[in-house]
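Participant: starting from these lines, generate the structure:
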Amino acid sequence: QLQLVESGGGSVQPGGSLTLTCAAAGFTLDLWTVGWFRQVPGKEREGVSCISSSKARTNYADNVKGRFTLSRSSSKNEVYLQMNSLKPEDTGIYYCASGPAVLFGVCELSDAEYTSWGQGTQVTVSS
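Facilitator: The predicted model follows:
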């Protein structure tokens, strides 16, 4: 059974940092494209970042570039989203998702490209 579990969410003040972890069970994350998405009530789910299986290329939404860093650990079968300089508009439920491997180019930030999803972890940025 394929399973993704997010952790690391919480409440921070603007300018703070959090690291989210996406742990996989039942499959090897390195062989899949992994993405992070976020959603707030009343809004569509938004792609934040992704990492491809091939050459571990990353892609970031414009509004998080320079602040968020996505990485992975093959030995732990985990993917991490390091979030720095957090802003109130980063608030939301963050989901990790896996999708088919991207062999060429960069991964997509469209949720239609992903087939397995975690339950999400809440991130709140507020003073």
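
Participant: and the pLDDT for the spatially most central residue of the chain?
Facilitator: Centroid check for the chain by CA atoms, centre = their mean gives Trp36 as the closest residue, at 2.1 Å. pLDDT, Trp36: 98.

Participant: wait, isn't Val48 in contact with Val34?
Facilitator: No. Val48 lies out of contact with Val34 (CB atoms under 8 Å); the separation is 11.5 Å. In this view, the C-beta of every residue, glycine as well, is placed from N, C-alpha and C.

Participant: could I get the contacting residues of Tyr114?
Facilitator: Going by CB atoms under 8 Å, 6 or more residues apart in numbering, Tyr114 touches Thr33, Gly35, Ala97, Ser98, Gly99.

Participant: repeat the analysis, applying 7 Å as the threshold.
Facilitator: Shown in contact with Tyr114 (CB atoms under 7 Å, 6 or more residues apart in numbering): Gly35, Ala97, Ser98, Gly99.

Participant: just give the number of residues close to the second one.
Facilitator: Burial measure for Ala97: 23 neighbouring residues, criterion other CB atoms under 10 Å.

Participant: same deal with Ser75?
Facilitator: Using other CB under 10 Å: Ser75 sits among 6 other residues.

Participant: can I get stretch 97-104 in CSV, CA atoms only?
Facilitator: This file holds the C-alpha atoms of stretch 97-104, laid out as CSV (Å, rounded to 0.1, in the frame of the first residue of the first chain):
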residue,chain,number,x,y,z
ALA,A,97,2.1,14.1,-3.5
SER,A,98,3.8,11.6,-5.8
GLY,A,99,3.4,11.2,-9.5
PRO,A,100,4.9,9.5,-12.5
ALA,A,101,8.6,10.0,-13.0
VAL,A,102,9.6,12.9,-15.2
LEU,A,103,12.4,11.7,-17.5
PHE,A,104,13.1,15.0,-19.3
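
Participant: what are the buried residues along that stretch?
Facilitator: Ala97, Ser98, Gly99, Val102 (16 or more other CB atoms under 10 Å).
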